[in-house]
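**Student:** let's see this in three dimensions:
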Amino acid sequence: MEETTAKKRILSAIQPTNTPTLGNYLGALVNWIKLQNEYDCAYCIADLHSITVRQDPQKLRKQITESYALLLAMGVDPQKSIAFIQGHNPAHAELSWVLSCYTQFGELSRMTQFKDKSEKHPENINAGLFTYPVLMAADILLYQADLVPGGVDQKQHIELARNIAQRFNSVYGDTFTMPEPYITKTTAKIMSLQDPTKKMSKSDENPNACISILDDRDTIVRKFKRAVTDSEAEVAYREGKDGINNLMSIYSAVTDKSFEEIEKEFAGKGYGDFKLAVGEATADMLAPMQAEFGRIISDKKYIEQCMKEGAEKAYKASRRTLQKVYKKVGFVELPR
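**Tutor:** Residues are numbered from 1 along each chain as shown. Okay, the predicted model is just below:
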């Protein structure tokens, strides 16, 4: 008999506070769909993380539901993957408390995102903002994740999760899988349309700098028409042409064309033609997902059913880890 090797588990999460950008979509979310065929995936809407910054409760509820619907519309298959909302599984908060007792104050004080967010919100430097990397570690370790997709900005958090896991394992024996960062071979790095030296961000104050994946066709085309380029008129990928390089990266990611093919396609044509083509190709790519999102968000019963099943699967996948941790630290199990 042939031995079947268990698939490695991947855990990834996204906050619900804003609609993902084209940069989020091409840089990370598209890969989530592909990974479902090769790995045992758990994808989560990180609602607990979102309240380190003050949120409007009504708006947040709407954003959580829409973010979950978007996850499904993009192609996350709730039959193949665990698609759930973080707050629907109380084990995240429970494990986070235990792990916080195995995390050093100095480790958390060195986290760069705490420093960045404290500067942005000086009026609300709360304890949750300081300790949220422990919750992030709990998200990962709870599901015994082997791999965690993420960019450079997440590397420090994955390192902290590894340090906490190693510390706990050294005291109590093997308990947690040591997670590794998952770096995709081909990840598009999408920059701002108004300042192509900066990453595209949903928090950008200039509305023309960023494409939301739910922007309508006219908005997408208009934003690309206004994209910053250079004084030349040659569509070519080279140093010093940050704006055109960014548009070529987007067009390449959307159409699967190489830079060489793109240069040939637009040889002798101006930037106006190229910007229009990038805008239309992007709108065409997003249209099926947007239509599916419209269908799902209007089907409340289906969303609620998926949420319920996702929460049950998440709890089942994490319960054993939490029980093991509670037993090892010396807690008394509730008699049945």
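
**Student:** excluding its backbone neighbours, what's nearest V76?
**Tutor:** A83 (5.0 Å; C-beta to C-beta, 6 or more residues apart in numbering). To be clear about C-beta, it is placed using only N, CA and C from the backbone, and glycine gets the same treatment.

**Student:** elements contacting the helix or strand containing the one you found?
**Tutor:** Applying DSSP states H and E as the criterion places A83 in strand 82-85. Packed against strand 82-85 by the contact rule (3 or more C-beta pairs under 8 Å, 6 or more residues apart in numbering; DSSP states H and E) you find strand 40-45, helix 57-74, helix 300-329.

**Student:** give me the contact list for the helix or strand just after that strand.
**Tutor:** Beyond strand 82-85 in the direction of the C-terminus, DSSP H and E gives the next helix or strand as helix 91-100. If you take C-beta atoms under 8 Å, 6 or more residues apart in numbering as the criterion, helix 91-100 is touched by 48, 86, 131, 134-135, 137-139, 141-142, 164, 168, 315, 318-319, 321-322, 325-326, 329.

**Student:** what about the residue nearest to V76, how many neighbours?
**Tutor:** When neighbours are counted by other C-beta atoms under 10 Å, A83 registers 26.

**Student:** burial check on K62, number of neighbours?
**Tutor:** Neighbours of K62 using other C-beta under 10 Å come to 12.

**Student:** so who does it touch?
**Tutor:** K62 touches nothing, counting by C-beta under 8 Å, 6+ apart.

**Student:** begin at 298 from now on, thanks
**Tutor:** Okay, residue one is now 298; in that scheme the one you just asked about reads as K359.

**Student:** distance of it from Y365?
**Tutor:** 11 Å (C-beta to C-beta, to the nearest Å).

**Student:** where in the stretch 448-597 of the chain is pLDDT low?
**Tutor:** Within the stretch 448-597 of the chain, the stretches with pLDDT under 70 are 448-450, 482-484.

**Student:** now do the helices in the protein.
**Tutor:** Counting by DSSP state H, one finds helices in the chain at the ranges 319-321, 327-332, 344-347, 354-371, 388-397, 402-406, 409-417, 424-439, 452-469, 514-522, 539-552, 556-562, 568-594, 597-626.

**Student:** for the ones you listed, which one sits closest to S498?
**Tutor:** When these are compared by C-beta to C-beta, helix 319-321 sits nearest S498, at 7.6 Å.

**Student:** how far away from the center of its chain is that closest one?
**Tutor:** Put simply, helix 319-321 sits 10 Å off its chain's centre (C-alpha atoms, centre = their mean, to the nearest Å).

**Student:** which residues does the residue nearest to V373 form a beta bridge with?
**Tutor:** Counting by DSSP bridges, A380 forms beta bridges with Y340.

**Student:** for burial, what's the neighbour tally of D492?
**Tutor:** 16.

**Student:** does it touch A524 like I think?
**Tutor:** No. Using C-beta atoms under 8 Å as the test, D492 is too far from A524 to be in contact (10.5 Å).

**Student:** contact partners for A434?
**Tutor:** Counting by C-beta under 8 Å, 6+ apart, A434 touches S393, L396, T400, H454, L457, A458, I461, A462.

**Student:** what's the distance between it and N460?
**Tutor:** For A434, the distance to N460 - C-beta to C-beta - is 9 Å.

**Student:** list residues touching both of these two?
**Tutor:** Contacts common to A434 and N460, judged by C-beta under 8 Å, 6+ apart, are absent.

**Student:** which one of the contacts of A434 is nearest K605?
**Tutor:** Proximity to K605 was ranked across those by C-beta to C-beta; first place goes to S393, at 23.2 Å.

**Student:** skipping its backbone neighbours, what lies nearest D344 in space?
**Tutor:** G384 (4.6 Å).

**Student:** got it, and N466?
**Tutor:** T472 (5.5 Å).

**Student:** burial measure for the one you found, as a count.
**Tutor:** By other C-beta under 10 Å, the residues close to T472 number 17.

**Student:** please apply the same query to the one 5 residues further on.
**Tutor:** Taking other C-beta under 10 Å as the criterion, the count of residues near E477 is 13.

**Student:** that one and P446 touch, don't they?
**Tutor:** No. Counting by C-beta under 8 Å, P446 is not a contact partner of E477; they are 10.6 Å apart.

**Student:** okay, now the domains of this protein?
**Tutor:** Domain assignment of the chain by automatic domain parsing yields the ranges 306-484+597-626, 504-591.

**Student:** format those as JSON lines; extra columns: distance to R633.
**Tutor:** JSON lines is the format used below for the domains of the chain (distance: least, C-beta to C-beta, whole Å):
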{"stretch": "domain 306-484+597-626", "distance to R633": "12"}
{"stretch": "domain 504-591", "distance to R633": "43"}
